[in-house]
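Q: Here you go, sequence then predicted model.
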2 protein chains.
Amino acid sequence: MKTDARRKAETARQTPRRKKAEPPSATRPRPSLQGIAKMPARERAYHELKFRILEGRLPPGTTLLETEVASLLSLSRTPVREALIRLEEEGLVDVRPRHGITVKALSVDEIEHIYQVFSALEVKAAQLTARRGISGADRERLDGILTQMERASMRGDIEGWSELDDEFHSELVGLCGNPRLQSMLRQLWDLQYHARRAITKLRPPPIVSDREHRAILAAISAGDEEEATRLHQQHRNRADKQLISLLRQQATVPASR
Amino acid sequence: MKTDARRKAETARQTPRRKKAEPPSATRPRPSLQGIAKMPARERAYHELKFRILEGRLPPGTTLLETEVASLLSLSRTPVREALIRLEEEGLVDVRPRHGITVKALSVDEIEHIYQVFSALEVKAAQLTARRGISGADRERLDGILTQMERASMRGDIEGWSELDDEFHSELVGLCGNPRLQSMLRQLWDLQYHARRAITKLRPPPIVSDREHRAILAAISAGDEEEATRLHQQHRNRADKQLISLLRQQATVPASR
DNA sequence: CGGCGGTTTTGCGTATACATTGACGGTTGA
DNA sequence: TCAACCGTCAATGTATACGCAAAACCGCCG
């Protein structure tokens, strides 16, 4: 028993990484298909709920009471509440006391806002990556992804292309050397995940994107920070505009699903 | 014995008089100096802790157990834990199970990372503000702030200038029309709050900043998105570089305080 | 003198109990 | 018929109980 309420920190300059294997994959909503097993209940609740929301198994607008969520996951309210706090902070659910929690439905405007932030950060990431330079191996890897993408777009495999696109972008971000930037991007990613999937198949063939990607990679490889920034900027502007306009289009005609 | 023999009566609901005398900080971390009264305990815990951390009353490195925090705030562990989850997400504290929570100490590198994100977002905000245009009244207000700043810098009142600087930037951000962007900026702001204060007085006279601010406001008023972006970009680059270098300088000579 | 295995302590994760509060429907009075 | 009021109760907010397992401790053995 200590009478002194505070102890001095052990100074470790380096953030004392928790031993836990990093769960969140950049593009996958679920941490590891298995690692969920022996996690604290709070984490399980968090990941399970997030997963269900992102995959659409808890569609936007769904509202549940804390108790219902708890029994849905076979847990008590405590860890569920703790998970919900995080999900609310991240913007995935709304908590309205006495009315339950509601899976947030994003309006097109909100998605546009998300993309404004997302793209600004991604461009910054590209800039930082260019500034710090990439290794030959990284270059190879990115190059490989681009090649696969080109093949996919030639065969008209938009879905496959889209996944590779995610991979390319997230690889690039992974190289920027700014963990905070990375984690913010990951979070924003999750928010737009659903919207993005919804319009994947409606996309026109990504020939332009392919070209732009090549150019960006070249600029980064060359360490040309200015050029990489400019190109990535432009790439995102174009892609965002397209995406938003597709969404608006679809929003007016709710259609099938 | 283990459980702290439950706080007996101890003046039942009589909350010990908190000395919330401190009125400082322009962009004060505390919500409203009074509104804290009749809030849910979880919120009180959150704000109270955040306040103490930002003001330095819980200096970086401080380590406390959940129980200790709870009794510090005269609450039970539950609302405290819920507050801590949010504080951890925001990056203000580290939670290491069985080792307590510790107030995070940011390294200069981390602060640099924060600024990279912060500035990218602020520039985007300026761009959006320019794009959407500002009203005459807003223009007046911003103009007024700049005038006050110029006066402050002429009198050598760096502290005053600095507060106005915060105000200017946050006003600008407030006009961008993207709430998510705003809230992210606010959060990042809190993270760098302490570091920034620490070097405020070491700043050289802000003549250049004053000039830049004028130019930025002009570009925004004119609705010149490109120019506003470029100028703000440049402004932030310069200011960040200066700030980081001051921090590094000081980091090597811990000095007083 | 130092490392190692068992034992004890203790902090936390989760469940549960209890208090509080706001929603809602029914009743009443105009 | 309508609107204000009130009582009831469900849902949340907060406190407490409880057991596990990590960390600290301790004594034994090298």
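A: Structure received. Computed from a prediction, not measured in an experiment: that's the story for all the values here.
Q: Distance of the spatially closest residue to A:Arg131 that is not a sequence neighbour relative to A:Gln234?
A: Once flanking residues are discounted, A:Arg131 sits nearest to A:Glu225: 4.8 Å by CB to CB, 6 or more residues apart in numbering or on different chains. Any C-beta I mention is one placed from the backbone N, CA and C, and that applies to glycine too. According to CB to CB, to the nearest Å, A:Glu225 and A:Gln234 sit 15 Å apart.
Q: okay, the two: which has more neighbours?
A: A direct count of neighbours by other CB atoms under 10 Å in any protein chain shown for A:Glu225 and A:Gln234 places A:Glu225 higher, at 18 against 14.
Q: host element of A:Thr229?
A: helix A:225-252 (DSSP states H and E).
Q: Buried by neighbour count: which residues of that helix qualify?
A: A:225, A:227-233, A:235-236, A:239-240, A:242-244, A:246-247, A:250 (16 or more other CB atoms under 10 Å in any protein chain shown).
Q: before we move on, what about stretch A:40-47?
A: A:41-47.
Q: of the residues you listed, closest to DNA strand D?
A: For these, the residue nearest DNA strand D by CB to the nearest atom of the strand is A:Ala41; the value is 11.8 Å.
Q: What's the separation between the residue nearest to the closest one when sequence neighbours are not counted and A:Pro59?
A: Closest residue in space to A:Ala41, ignoring its immediate chain neighbours: A:Pro79 at 4.0 Å, by CB to CB, 6+ apart. A:Pro79 sits 24 Å away from A:Pro59 when distances are taken as CB to CB.
Q: now the helices: where do they sit in chain A?
A: Along chain A, counting by DSSP state H, helices occupy A:41-55, A:66-73, A:77-90, A:108-132, A:136-154, A:158-174, A:179-200, A:207-221, A:225-252.
Q: Highest average neighbour count across these: which stretch is it?
A: helix A:108-132 (a mean of 21; mean count of other CB atoms under 10 Å in any protein chain shown).
Q: Could you check the angle it makes with helix A:158-174?
A: Taking axes from the mean of the first three to the mean of the last three CA atoms, to 10 degrees, helix A:108-132 and helix A:158-174 form an angle of 50 degrees between their directions.
Q: just checking, what packs against helix A:108-132?
A: helix A:158-174, helix A:179-200, helix A:207-221, helix A:225-252, helix B:108-132, helix B:179-200 (3 or more CB pairs under 8 Å, 6 or more residues apart in numbering or on different chains; DSSP states H and E).
Q: Can you tell me how far the residue nearest in space to the middle of chain A is from chain B?
A: Nearest to the centroid of the C-alpha atoms of chain A, with distances taken as CA atoms, centre = their mean, sits A:Trp189, at 2.2 Å. If you measure A:Trp189 against chain B using CB to the nearest CB, to the nearest Å, the figure is 14 Å.
Q: Ok, A:Gly136 next?
A: Counting by CB to the nearest CB, the gap from A:Gly136 to chain B is 25 Å.
Q: per-residue pLDDT, that residue?
A: For A:Gly136, the pLDDT comes out at 95.
Q: Repeat that for A:His194.
A: A:His194 is given a pLDDT of 87.
Q: The helix holding A:Thr229 vs helix A:108-132, what angle?
A: Using the same axes, to 10 degrees: helix A:225-252 against helix A:108-132 is 160 degrees.
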